[in-house]
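Student: I need the structure of the sequence given here:
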Amino acid sequence: MGDGEPRAAFAARAQSRERRPLVLSVVSFWEIVIEARKGSLQVADPVSWWLRAAAILGGDILSVRAEHVTGLAALPNLHRDPFDRMLIAQAVVEGFALVSSDELIAKYAAKVVW
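Tutor: Presented below is the predicted three-dimensional model:
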């Protein structure tokens, strides 16, 4: 990891080297904007930050679809964070691995990479 590259970005790059598609959820963008506006995340311009991160990582952007909400309704109530729950639902529905160090996420049916 160079130049302060976040561990999640490093893990995502490792995932892509394994020839798995790299997908960035718009849910993460949504959470970044909300946390930055609340002041709990030190990102001056979350829109520019997201666009730069997406360009650097080079992944496709995954929007929220009705199937993801249906998947969310089927999840057990183990995790309280609504953004993480939607990311889990998207990963389960799409069959993607989720890049996270959150131990609660590992208790769901989604594959977790870290």
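
Student: need the residues that contact the helix or strand where F29 lies.
Tutor: Under the criterion of DSSP states H and E, F29 resides in helix 26-38. For helix 26-38, the surrounding residues in contact (Cβ atoms under 8 Å, 6 or more residues apart in numbering) are 41-44, 46-47, 49-50, 61-64, 83, 86-87, 90. Backbone N, C-alpha and C define where each C-beta goes, glycine included.

Student: name the SS class of L24, please.
Tutor: Remark: L24 carries the secondary structure label strand [criterion: DSSP: H, G, I helix; E, B strand; the rest coil].

Student: from F96, how far out is the closest residue to it other than its chain neighbours?
Tutor: Using Cβ to Cβ, 6 or more residues apart in numbering and skipping the chain neighbours, the partner closest in space to L24 is G59 (4.6 Å). Taking Cβ to Cβ, to the nearest Å as the measure, G59 and F96 are separated by 11 Å.
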